[in-house]
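what follows is a protein structure lacking sequence information:
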């Protein structure tokens, strides 16, 4: 997983929703596509996943709730799920 500092540079979490942020090292087209917009694609089970590229150019595909947890706590437990079992929040 990408370090907490880099995730906080890429994303902003407001009211449980992830938004993209403009990043100086990212291509201009990518910034304009995600900056200030809600991000994530809903999977069949209802959970959101994200596709993003880190500073080193490595592509990542992560579940949004895991990214949010990592942004706040800096580490991931072995198992992480929604306490209310609602994948929408």
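On my side now, so go ahead. Computed from a prediction, not measured in an experiment: that's the story for all the values here.

any weak-confidence spans in this structure?
Filtered on pLDDT under 70, the chain yields the residue ranges 81-89.

report the distance from the helix ranked longest in it to the chain centre.
When secondary structure is assigned using DSSP state H, the longest helix within the chain turns out to be helix 64-73. The offset between the C-alpha centroid of helix 64-73 and the centroid of the whole chain comes to 7 Å, using CA atoms, centre = their mean, to the nearest Å.

span of stretch 28-47 from start to end?
Here the two ends of stretch 28-47 are set 28 Å apart, with distance taken as CA to CA, to the nearest Å.

go through that stretch and flag the buried ones.
Buried residues in stretch 28-47, defined by neighbour count with 16 or more other CB atoms under 10 Å: 31, 34, 39-40, 47. Every C-beta, even on glycine, is put in place using the N, C-alpha and C of the backbone.

which outside residues touch it?
When contacts are taken as CB atoms under 8 Å, 6 or more residues apart in numbering, the neighbours of stretch 28-47 outside the stretch itself are 11, 17-23, 48-51, 53, 63-65, 87-88.

now, those that are in strands?
11, 17-20, 48-51, 53, 63 (DSSP state E).

taking the residues you listed, please make a PyMOL selection of just the buried ones.
The PyMOL command for the buried members of the ones in strands among the contacts of stretch 28-47 (criterion: 16+ other CB under 10 Å) is given here:
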select buried, resi 11+18+20+48+50+63
